[in-house]
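K.L.:
only geometry, no sequence info:
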């Protein structure tokens, strides 16, 4: 009997530890970071780590409406960089991202933001047609147009995604196909190759983990 009780106790302890580990799981932070002296609620000074964040931005969306970071403030969102005439990685990337969109479509805490890098052709009406063809309707997934400097700087300096014009490339542009996961405080918490299904599946698993951090 004592052996049975001991076995049950060990099992319960293992379950408790496993549950605790799952609850405490957090995603990493990406980008630059620095130490800063801050005061807590009691006014006591302490050293805290400040992580790289996405700055304020303002672009035109697929409905020709000025859209700013206020659309994503307080939400977890997935960002990427693409262009509508891309025939290489974009179709696969957005087809995979569409599965993430469908899975979290009814969750008000999740958004999707796609920045075009084709400042010459991808005007809002082009983005609108692209979104409709993809099967996206409503404000949950924003397709954004902006100047070359504003978009390229945001991509490379803030989202840490390489983009650029390239006359030798098949479609005239080059870019990485990362799906970048941003938390409610504008910090980078993950980057997933949108052309690889296993990484997209990992993104689906990581989104709830990130959301759970804000429920404590």
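P.N.:
Arrived safely, thanks for sending. Quick caveat: nothing in here was measured; it's all calculated off a predicted structure.
K.L.:
can we go C-alpha only for contacts and neighbour counts from here?
P.N.:
Fine.
K.L.:
ok, which stretches of this protein are strands?
P.N.:
Assigned by DSSP state E, the chain shows strands spanning 33-39, 45-51, 58-60, 66-68, 76-82, 110-116, 141-144, 163-165, 173-175, 178-182, 188-193.
K.L.:
ok, residues contacting the last one?
P.N.:
Contact with strand 188-193 is made by 27-31, 52-54, 93, 159, 177-183, 199-200, 202-203, as judged by CA atoms under 8 Å, 6 or more residues apart in numbering.
K.L.:
Reformat the strands of the chain as JSON lines; add mean pLDDT and distance to residue 151.
P.N.:
Output for the strands of the chain, formatted as JSON lines (pLDDT from 0 to 100; distance: least, CA to CA, whole Å):
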{"stretch": "strand 33-39", "mean pLDDT": "80", "distance to residue 151": "23"}
{"stretch": "strand 45-51", "mean pLDDT": "83", "distance to residue 151": "21"}
{"stretch": "strand 58-60", "mean pLDDT": "98", "distance to residue 151": "9"}
{"stretch": "strand 66-68", "mean pLDDT": "98", "distance to residue 151": "13"}
{"stretch": "strand 76-82", "mean pLDDT": "98", "distance to residue 151": "9"}
{"stretch": "strand 110-116", "mean pLDDT": "98", "distance to residue 151": "7"}
{"stretch": "strand 141-144", "mean pLDDT": "98", "distance to residue 151": "9"}
{"stretch": "strand 163-165", "mean pLDDT": "96", "distance to residue 151": "9"}
{"stretch": "strand 173-175", "mean pLDDT": "95", "distance to residue 151": "12"}
{"stretch": "strand 178-182", "mean pLDDT": "98", "distance to residue 151": "15"}
{"stretch": "strand 188-193", "mean pLDDT": "98", "distance to residue 151": "17"}
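K.L.:
For residue 130, find the nearest of these.
P.N.:
Residue 130 sits nearest to strand 141-144 of all the strands of the chain, at 9.0 Å, using CA to CA.
K.L.:
Could you work out the end-to-end span of stretch 79-89 for me?
P.N.:
15 Å (CA to CA, to the nearest Å).
K.L.:
what does stretch 96-115 give?
P.N.:
Terminal residues of stretch 96-115 are spaced 17 Å apart (CA to CA).
K.L.:
same thing with stretch 184-202?
P.N.:
First-to-last residue span, stretch 184-202, CA to CA: 19 Å.
K.L.:
quick one: buried residues of that stretch?
P.N.:
184, 186-195, 199-201 (16 or more other CA atoms under 10 Å).
K.L.:
right, and out of these, which lies closest to residue 110?
P.N.:
The closest of the buried residues of stretch 184-202 to residue 110 turns out to be residue 184 (CA to CA; 9.6 Å).
K.L.:
Pull the contacting residues for the closest one.
P.N.:
Contacts of residue 184 were listed using CA under 8 Å, 6+ apart, and they are 73-77.
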